[in-house]
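Engineer: fold the following and give me the result.
(one chain, ligands or ions: 1)
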Amino acid sequence: MGNQNIFCSISSCHYWAQGNVCKATEILVTSDTMSKNLPDMVDAPYAVQITETPVSKCHESCCKTFVPKGSFSQNTDGVTKQ
Ligand code: SF4
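Structural biologist: Take a look at the predicted model:
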């Protein structure tokens, strides 16, 4: 079982598992704008160091921890898979 409190339908993600569960040990949800502007290596381990990014619609937020399955960048953010 993955992180039992996080369900996700992004099945192309390295951390995704059957049943739409996220198996990342931690994730960072941030604004779309912040996600575009930060390098891949900045993720959940850096959460306390980044600025707050309020949004007003759910579609303005995203999972910064997403990484495509098989991507070479899956180990650059310090997040591991359960
Ligand atoms: S890391 Fe983000 S995109 Fe990937 S499965 Fe978890 S919640 Fe979904």
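Engineer: element containing the residue of the chain most remote from its centre?
Structural biologist: Outermost residue of the chain with respect to the C-alpha centroid, by Cα atoms, centre = their mean, is residue 56; its distance is 19.5 Å. Counting by DSSP states H and E, no helix or strand carries residue 56.
Engineer: if I look at residue 63, how far off is the ligand?
Structural biologist: According to Cβ to the nearest ligand atom, to the nearest Å, residue 63 stands 3 Å off from the ligand. No exception for glycine: its C-beta is placed from N, CA and C like everyone else's.
Engineer: that residue and residue 31 touch, don't they?
Structural biologist: No: judged on Cβ atoms under 8 Å, residue 63 makes no contact with residue 31 at a distance of 11.5 Å.
Engineer: ok, these two, which is more surrounded?
Structural biologist: residue 63 (19 against 16; other Cβ atoms under 10 Å).
Engineer: check contacts around the more buried one.
Structural biologist: Residues counted as contacts of residue 63 (Cβ atoms under 8 Å, 6 or more residues apart in numbering) are 8, 10, 13, 27-29.
Engineer: now residue 24
Structural biologist: Residue 24 neighbours (Cβ under 8 Å, 6+ apart): 2-3, 6, 15, 44, 65, 79-82.
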